[in-house]
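Student: pasting the sequence and the predicted coordinates here, then a few questions.
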Amino acid sequence: MKIVLFSIFGFNIYSHGVFFTLAMLIGGWILYRLAKKAGLETKNFLLNYIISLLVGIVASRILFYFINLKYYQTFWQIVEIWQGGLVSFAGFIAGGLVFILMLSQQKEKLAPWLDIGGIAFPLAIAIGRIGCVLNGEFGIRTSSIFATYGVMPVTVFEIFLGAAIFAINFYLYQQFKNKLPKYFLFFNFIAIYSFARIFIDGWRIDPTLVIGLNLSQITSLIIFVATLLIYGYLTLSGKTRRE
């Protein structure tokens, strides 16, 4: 565990903040490069990305703060994002909706942007979770063969999960991008990620709420089912067909 990555003139640089920043920078750069290569309009990209990123950070931090309210002494600790503590699903949903709204207002086609997002975002998740590992965010104590020093390394699993989805979607995009249905890569990312989180989050130190599931698992289950239903609707209505 290395919460403070290094110090400069007595000012601490936190591992969580460093890798979160790297995740956003690298994820944004890949998204931009893929958009340029695909011939998409990128003149508004930086503004769209920054606004949606800020909205996502605020949403994920606020939800984390109120879910874990008992661990905070003052309200102003809500701004201490460098200490760790974000609800990733809240950030992706809020930031993603804002990004989609801005693209719609700018008359941009959503499908190609969402599909390249299905490549860039899982890699960003994997990079960001490195900071979580260094910050000491692990799971329950167990004697499982998957345990590390007696605890379940849930954030390590998420690193491999994000990297695996990135590799799969990038390969599919490189080999079959003109043959894949529209929105496939985006919904493939969401479906695999949320389905895996149903199981991974069962090892988190979180109280169970319903049928033995904690809040993260319930959220993942809802997102997984919604993903299947939405993509099924788009497919049946012909909106995933390539023109």
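Tutor: That came through, no problem.
Student: rest of the way, CA atoms for contacts and neighbours
Tutor: Will do.
Student: can you show me the strands along the chain?
Tutor: For the chain, the strands defined by DSSP state E cover 4-8, 11-14, 208-210, 213-214.
Student: now the longest one, how far from the centre of its chain.
Tutor: Counting by CA atoms, centre = their mean, to the nearest Å, strand 4-8 is centred 26 Å from the centre of its parent chain.
Student: how about that strand: buried residues?
Tutor: 4-5 (16 or more other CA atoms under 10 Å).
Student: and it, what does it pack against?
Tutor: Contacts defined by 3 or more CA pairs under 8 Å, 6 or more residues apart in numbering; DSSP states H and E place strand 4-8 against strand 11-14.
Student: strand partners of the strand it packs on, parallel vs antiparallel please.
Tutor: Strand pairing for strand 11-14, determined by DSSP bridges: strand 4-8 (antiparallel).
Student: pLDDT of the partner strand, averaged?
Tutor: Strand 4-8 carries an average pLDDT of 73.
Student: one more: stretch 17-26?
Tutor: The average pLDDT for stretch 17-26 rounds to 87.
Student: return the distance of it from the chain's centre.
Tutor: With CA atoms, centre = their mean, you get 12 Å for stretch 17-26.
Student: what do you get for stretch 114-131?
Tutor: For stretch 114-131, the distance to the chain centre is 6 Å (CA atoms, centre = their mean).
Student: under the pLDDT cut-off, which ranges of this structure? List them.
Tutor: Counting by pLDDT under 70, the chain shows low-confidence ranges at 1, 3, 6, 76, 81-85, 243.
Student: could you rerun that using 80?
Tutor: 1-17, 63-90, 92, 135-137, 143-147, 149, 207, 242-243 (pLDDT under 80).
Student: which parts of it are helices?
Tutor: 15-37, 45-67, 88-105, 110-134, 154-176, 184-200, 215-236 (DSSP state H).
Student: can you redo those as a markdown table with mean neighbour count and distance to Ile145?
Tutor: Converted to a markdown table, the helices of the chain look like this (neighbours: other CA atoms under 10 Å; distance: least, CA to CA, whole Å):
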| stretch | mean neighbour count | distance to Ile145 |
| --- | --- | --- |
| helix 15-37 | 19 | 27 |
| helix 45-67 | 18 | 30 |
| helix 88-105 | 18 | 27 |
| helix 110-134 | 24 | 19 |
| helix 154-176 | 18 | 13 |
| helix 184-200 | 21 | 15 |
| helix 215-236 | 17 | 22 |
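Student: what's the closest of those to Arg141?
Tutor: Distance to Arg141, taken as CA to CA, is lowest for helix 154-176 among the helices of the chain, at 11.2 Å.
Student: excluding chain neighbours, what is closest to the spatially most central residue of the chain?
Tutor: Closest to where the C-alpha atoms of the chain average out (CA atoms, centre = their mean) is Ile125, at 4.8 Å. Spatial nearest neighbour of Ile125, excluding adjacent residues (CA to CA, 6 or more residues apart in numbering): Gly162 at 5.8 Å.
Student: hang on, that neighbour packs against Leu123?
Tutor: Yes. With contact defined as CA atoms under 8 Å, Gly162 reaches Leu123; the gap is 5.5 Å.
Student: list the contacts for Thr142?
Tutor: Listed by CA atoms under 8 Å, 6 or more residues apart in numbering, the contact set of Thr142 reads 150-152.
Student: list only buried entries from those.
Tutor: Buried among the contacts of Thr142 by 16+ other CA under 10 Å: 151-152.
Student: quick check, nearest of the contacts of Thr142 to Tyr183?
Tutor: Tyr183 lies nearest to Met152 out of the contacts of Thr142, by CA to CA, at 33.9 Å.
Student: distance check, that closest one against Gly232.
Tutor: Distance, Met152 to Gly232, by CA to CA, to the nearest Å: 35 Å.
Student: could I get the contacts of Thr142 as a markdown table with distance to Lys36?
Tutor: As requested, the contacts of Thr142 are exported to a markdown table (distance: CA to CA, whole Å):
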| residue | distance to Lys36 |
| --- | --- |
| Gly150 | 46 |
| Val151 | 43 |
| Met152 | 40 |
